[in-house]
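In: Predicted structure and sequence below. I'll ask about it afterward.
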Amino acid sequence: MPAFNRALPEFTRLDTQVLGISVDSVPCNTAWQESLGSLDYPLLSDFWPHGDVAARYGVLREEGFTERTIIGIDKSGVIRYIDVHDISDLPLPEPVLAAIGTW
């Protein structure tokens, strides 16, 4: 997520809102975000009902956590991009930026 924070100017140039979503509670998200030194985009909690949003996108594991997933949704609400990574992977923003540039 810090890589996406560093790339925020490019997302802004493409008129794109970056959001983080976690199945952790708000206090856990806040502590994690502070451990990073802050993020300049919203970090949302999908805690209750636990993982409801993640389940709707098919990325909630039975164990109760998610894969690292990037979902690009255009202004009409159409999903244009999905990139699923193992939870241990740290996706880079460049492929996302390239995909957004083709919409």
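Out: Looks like it arrived, so ask away. Numbers count the residues shown, from 1 in each chain.
In: And the closest residue to residue 61 other than its chain neighbours, how close does it get to residue 84?
Out: Leaving aside its chain neighbours, residue 61 sits nearest to residue 67 (7.1 Å; criterion: C-beta to C-beta, 6 or more residues apart in numbering). Backbone N, C-alpha and C define where each C-beta goes, glycine included. Residue 67 sits 5 Å away from residue 84, going by C-beta to C-beta, to the nearest Å.
In: Now the common contact residues for those two.
Out: Residues touching both residue 67 and residue 84 (C-beta atoms under 8 Å, 6 or more residues apart in numbering): residue 59.
In: what's the first-to-last distance across stretch 17-31?
Out: 23 Å (C-alpha to C-alpha, to the nearest Å).
In: Buried residues of it, list them for me.
Out: For stretch 17-31, a neighbour-count test (16 or more other C-beta atoms under 10 Å) marks 18, 20-24, 29 as buried.
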